[in-house]
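[1] return a 3D structure for these sequence lines:
(4 chains)
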Protein chains: 2
Amino acid sequence: MKPDARDRLIEGTRELLWERGYVGTSPTAILARSGVGHGSMYHHFAGKPDLVLAAEQRSAALMQQQIAETFAVDGTALDRVSGYLRRERDVLRGCSVGRLTADPDVIADDVLRAPIRETFEVLHEHLRRTIAEGVAAGEFADDLDIDEIASTIAAVIQGGYALSRAAQAVEPFDRAVRGVLALLRASAPHTN
Amino acid sequence: MKPDARDRLIEGTRELLWERGYVGTSPTAILARSGVGHGSMYHHFAGKPDLVLAAEQRSAALMQQQIAETFAVDGTALDRVSGYLRRERDVLRGCSVGRLTADPDVIADDVLRAPIRETFEVLHEHLRRTIAEGVAAGEFADDLDIDEIASTIAAVIQGGYALSRAAQAVEPFDRAVRGVLALLRASAPHTN
DNA sequence: GTCTATAGCCCGATAGAC
DNA sequence: GTCTATCGGGCTATAGAC
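    The predicted structure follows:
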């Protein structure tokens, strides 16, 4: 089944938002990328913000599904956190959702900001629950604040992208991930 | 001494880059913000990229100076890392340098990317040296990779901004910072 | 549903007067 | 050095034919 024009428009907008953000994404560029005509776009969507919202919602849904799958595996809590941190990523491309936090027009609008906020909330909840399980299992120190560690881990990913894009190399991202995992392991209750 | 037009142009561009990035910053907006005329701008600068580079270099220099000052204090290594992580920040505004990593036109151009890359290199060097001192003093575990921990700390800051902007609240940033500090403390060699 | 034509405005830059 | 006038092109959107 060939994707229809509406679907191609959302996909093209998703890609452009990911690369260039809201101000950097023009309807003209969206049309060129999705191979759809001008009239078609304004038939399916009220305008740029409406199309952008649809694209954001798809990116957010895909990301939340990917997060859920990453945490829905067997193993220790550290295995699952490590699996999330080390899962395959196009590091230099960055995060399709987190990218939008740089955009003032998106952040200033509660509707356009909602998919981003919700995606980070979903991630936080998965991390929170997993870390709580790790503490209960004696994997992590029980005096750690679960919400703090969850925020730290989420920040390492988002910030790792920034460091790697600045360097145009994946090493800073990989180092940041290995560093936080080493700290998590080292903080484990000592059994001696 | 009243700042001259050249200086006001750089300052206006700096502010707009910080808020809106490269594509979101137009010469017209720069003129309005800096109170300088059109002809004056093209007298002092060859064009938008030239002016943007000058603004980036100022932001980078200010940031590098601030970093140097933050680490040039007395105390333990953990004190200095903590001082850097907890120094006063306009969290919802984000990082004037890190912001630009989202911009494809900046990242794709080695000249426009250089000030960002160098600023993160300077920060990494300060963190690296401080953590090495902490390991030598027995504050941190000696099996930690110094470069990894330095990248983790830098990533927590940059990613913390993203989380906080998504939530439009400072709490995620503050939690991420407290979390990584807790992990650093917990990883310290146990003396019992 | 999709097309072409067109609108009004802003973009980044140049020209030339003063 | 700074000004105003102007350029060609891209932006977001609407109109109306098919």
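
[2] list phi and psi for the one residue in chain A that gets nearest to DNA strand D.
    Proximity of chain A to DNA strand D (Cβ to the nearest atom of the strand) peaks at A:Ser26, 2.8 Å away. Yep, even glycine has a C-beta here, placed from its N, CA and C like the rest. Phi and psi for A:Ser26, reported as degrees, to the nearest 10, are phi -100, psi 150.

[3] and it, how close does it get to A:Thr152?
    37 Å (Cβ to Cβ, to the nearest Å).

[4] swap in A:Asp105?
    Taking Cβ to Cβ, one finds A:Asp105 at 29 Å from A:Thr152.

[5] and A:Glu11, by the same measure?
    From A:Glu11 over to A:Thr152 (counting by Cβ to Cβ), the distance is 33 Å.

[6] give me the pLDDT for A:Ser187.
    pLDDT, A:Ser187: 87.

[7] measure how buried the residue lying closest to it once chain neighbours are set aside is and give me the count.
    Nearest residue to A:Ser187, sequence neighbours excluded (Cβ to Cβ, 6 or more residues apart in numbering or on different chains): B:Ala186, at 3.7 Å. Other residues near B:Ala186 come to 19 when the count uses other Cβ atoms under 10 Å in any protein chain shown.

[8] ok, now how distant is B:Ala186 from DNA strand C?
    Taking Cβ to the nearest atom of the strand, to the nearest Å as the measure, B:Ala186 falls 48 Å from DNA strand C.

[9] how far away is that residue from B:Arg178?
    On the measure of Cβ to Cβ, B:Ala186 and B:Arg178 end up 12 Å apart.

[10] cool, A:Lys48 as well?
    39 Å.

[11] then A:Ala169?
    A:Ala169 is 29 Å from B:Arg178, by Cβ to Cβ.

[12] looking at the two, which is more packed in?
    B:Arg178 (19 against 14).

[13] got phi/psi on A:Ser96?
    phi -60, psi -30.

[14] how many residues are close by it?
    For A:Ser96, using other Cβ under 10 Å, the count is 21.

[15] for it, give me its contacts.
    Each residue near A:Ser96 by Cβ atoms under 8 Å, 6 or more residues apart in numbering or on different chains is listed here: A:Arg14, A:Leu17, A:Trp18, A:Ser59, A:Leu62, A:Met63.

[16] sort out which of those residues are buried, if you could.
    In the contacts of A:Ser96, burial by neighbour count holds for A:Arg14, A:Leu17, A:Trp18, A:Ser59, A:Met63, counting by 16 or more other Cβ atoms under 10 Å in any protein chain shown.

[17] and which of those residues is nearest B:Pro115?
    A:Trp18 (24.3 Å; Cβ to Cβ).

[18] so what pLDDT did the closest residue to A:Ala132 other than its chain neighbours get?
    With sequence-adjacent residues excluded and distances taken as Cβ to Cβ, 6+ apart, A:Ala132 is closest to A:Ile146, at 5.3 Å. Note on A:Ile146: pLDDT of 98.

[19] got the contact list for A:Ile146?
    A:Arg128, A:Ile131, A:Ala132, A:Val135 are the contacts of A:Ile146 under Cβ under 8 Å, 6+ apart.

[20] helices and strands around the host helix or strand of the second one, which ones?
    If I follow you right, that is A:Ile131. If you go by DSSP states H and E, A:Ile131 is part of helix A:110-136. Helix A:110-136 is packed against helix A:48-71, helix A:77-86, helix A:104-107, helix A:146-167, helix B:146-167, with contacts defined by 3 or more Cβ pairs under 8 Å, 6 or more residues apart in numbering or on different chains; DSSP states H and E.

[21] starting at the chain centroid, how far to the second one?
    Okay, so that is helix A:77-86. When distances are taken as Cα atoms, centre = their mean, to the nearest Å, helix A:77-86 is centred 16 Å away from the chain's centroid.

[22] shaky segments in chain A?
    A:1-2, A:190-192 (pLDDT under 70).

[23] redo that, cut-off 50
    A:192 (pLDDT under 50).

[24] near DNA strand C, which residues of it are found?
    Within reach of DNA strand C by Cβ under 7 Å from any atom of the strand, chain A has these residues: A:Asp4, A:Ala5, A:Arg6, A:Val36, A:Gly37, A:His38, A:Gly39, A:Ser40, A:Tyr42, A:His43, A:His44.

[25] flag every residue of chain A that's near DNA strand D.
    A:Val23, A:Thr25, A:Ser26, A:Pro27, A:Thr28, A:Ala29, A:His38, A:Gly39, A:Tyr42, A:Gly47, A:Lys48, A:Pro49.

[26] which of those tops the neighbour count?
    A:Thr25 (25 neighbours).

[27] ok, and the closest non-adjacent residue to A:Ala102?
    A:Ala102's closest residue in space is B:Ala102 (Cβ to Cβ, 6+ apart), at 3.8 Å.

[28] OK, contacts around that neighbour?
    A:Gly21, A:Gly94, A:Arg99, A:Ala102, A:Asp103, A:Ala162, A:Arg165, B:Gly21.
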